[in-house]
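**Q** how would this look folded up:
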Amino acid sequence: PLLRSDPQSALRLSLTDPPYATKTAAVKEASFEVVGKALVAIKEADIEAAVSALSLDECDVLMKYLYRGFGMEGREKLYPALLKWHPVVLRRAGQASIVRAISEVQRGL
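**A** Residues are numbered from 1 along each chain as shown. As a prediction, the model looks like this:
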């Protein structure tokens, strides 16, 4: 699978077409699971390169997934990975990425 052979490509693919329009929680959770698995599959030493390869729009989508992960109950085991990614995405996309992630609550990733 792509997740094992090329986790950076798996991450980019998982950030494509996020489920903004759906109201179905299970779809949103499944989407987060895919992104979360890609984040965990990428080695810590490769995080910087993975984020550098993303467009700013993809960084915004990733930031939204990071904040979704922080807000999900029962996902505490993922917090260390999310916390490793957050500052790298922040450096790449800037503080406005956080504002966009938080202000788009109505889109509800």
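**Q** Could you use CA atoms for every contact and neighbour count after this?
**A** Fine.
**Q** Centre-most residue in this protein?
**A** Nearest to the mean C-alpha position of the chain, counting by CA atoms, centre = their mean, stands residue 62 at 3.2 Å.
**Q** host element of that one?
**A** helix 56-71 (DSSP states H and E).
**Q** From residue 28, how far out is the closest residue to the residue nearest to the centre of the chain other than its chain neighbours?
**A** Closest residue in space to residue 62, ignoring its immediate chain neighbours: residue 15 at 6.7 Å, by CA to CA, 6 or more residues apart in numbering. As judged by CA to CA, to the nearest Å, residue 15 and residue 28 stand 12 Å apart.
**Q** more crowded one of those two?
**A** The residue with more neighbours, out of residue 15 and residue 28, is residue 15; 22 against 19, by other CA atoms under 10 Å.
**Q** correct me, but that one touches residue 61?
**A** Yes - under the contact definition of CA atoms under 8 Å, residue 15 touches residue 61, with a separation of 6.4 Å.
**Q** Backbone dihedrals for the residue nearest to residue 62, please?
**A** phi -90, psi -10 (degrees, to the nearest 10).
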